[in-house]
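*Asks:* Sequence and predicted structure are below.
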Amino acid sequence: MVFYFKALPTLGDYTIFMGLDKHENEDLIKYGFPEDIWFHVDKMSSAHVYLRLHKCQTIDDISEGLLDDCAQLVKANSIQGNKVNNIDVVYTPWFNLKKTTSMDVGQVGFHNSKMVRTVRVVKRLNDTVNRLNKTKVERKPDLKAEREAVNAAEKAERKLQLRDKKRREEMGRLEKERQLEMRSYKGLMVSEKMTSNKQIASSAKSLEELEEDFM
């Protein structure tokens with residue numbers, strides 16, 4: 001089971017989601033999207049909360065309001081973190097999550113600690129948490145199938161881009177050959193290298209002169 005929430009509409013059309021338990025968290029870790037940003041209460045147990053950014057967006061594109069929504073949701077879903085003030089929430093891109101066979105279910109590390117950011121949550125904001133909970137939807141998605149569908153679409157897009165690149169390169173090559181051919185043809189048509197019909201006529205012997213030469 002995965003729970004889906006909608007951020008404040010004025011912040012944009014963004015989906016925030018989290019797994020029911022550590023087993024769903026494993027699948028979310030395994031089948032995440034490059035646009036996903038992972039959130040967790042620092043040094044405490046909590047839900048693994050994800051924000052799905054739009055295509056081509058990065059962690060730097062997260063607005064302050066959107067960051068607050070994610071941080072409040074992850075705090076509210078931490079048994080210990082929800083009881084105390086002034087907690088830190090860490091967040092990082094999904095692709096920075098590191099999972100090894102020695103780790104417990106739901107446990108993660110980071111490939112690059114420098115890509116991990118921290119936001120301080122002073123206290124729980126009930127208005128924010130209640131608003132998010134009103135948008136809550138429960139689903140049982142096939143995360144593997146969703147990820148495979150995205151992979152297939154991205155592969156098809158790359159093939160299309162490669163085909164278009166090759167077509168542009170071929171058109172450029174043909175145009176270059178045409179330009180070279182045109183320059184070569186123009187070189188043959190230079191006036192100094194040409195003889196007009198008038199010049200031929202003036203320099204040619206007349207019929208009478210040819211007869212005299214023959215005689």
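*Replies:* On my side now, so go ahead.
*Asks:* So which residues of this protein form helices?
*Replies:* Ranges of helices within the chain are 22-30, 64-76, 126-134, 143-188, 197-203, 207-214, based on DSSP state H.
*Asks:* okay, those helices, which one's buried deepest?
*Replies:* Scoring these by mean neighbour count under mean count of other CB atoms under 10 Å gives helix 64-76 as the most buried, with a mean of 21. C-beta coordinates here come from the backbone N, C-alpha and C atoms, glycine included.
*Asks:* Run through the neighbouring helices and strands of that helix.
*Replies:* Using 3 or more CB pairs under 8 Å, 6 or more residues apart in numbering; DSSP states H and E, the elements in contact with helix 64-76 are strand 15-19, strand 36-41, strand 49-52, strand 87-93, strand 117-121, helix 126-134.
*Asks:* Compute the distance between the closest residue to residue 129 other than its chain neighbours and residue 82, please.
*Replies:* Spatial nearest neighbour of residue 129, excluding adjacent residues (CB to CB, 6 or more residues apart in numbering): residue 76 at 4.6 Å. Plainly put, residue 76 is 6 Å away from residue 82 if you go by CB to CB, to the nearest Å.
*Asks:* where do the contact lists of those two overlap?
*Replies:* Common neighbours of residue 76 and residue 82, counting by CB atoms under 8 Å, 6 or more residues apart in numbering, are residue 124.
*Asks:* Listing request: residues of this protein with sub-threshold pLDDT.
*Replies:* 186-215 (pLDDT under 70).
*Asks:* who's in contact with residue 108?
*Replies:* 29, 38, 48, 97-99.
*Asks:* Out of these, who's the most crowded?
*Replies:* With neighbours defined as other CB atoms under 10 Å, the most crowded of the contacts of residue 108 is residue 38; it has 25 neighbours.
*Asks:* looking at it, that residue is touching residue 98, isn't it?
*Replies:* No - judged on CB atoms under 8 Å, residue 38 makes no contact with residue 98 at a distance of 11.3 Å.
*Asks:* mind giving me CSV with the helices and strands packed on helix 64-76 and columns for distance to residue 107?
*Replies:* Shown next, in CSV, are the helices and strands packed on helix 64-76 (distance: least, CB to CB, whole Å):
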stretch, distance to residue 107
strand 15-19, 14
strand 36-41, 11
strand 49-52, 16
strand 87-93, 14
strand 117-121, 19
helix 126-134, 26
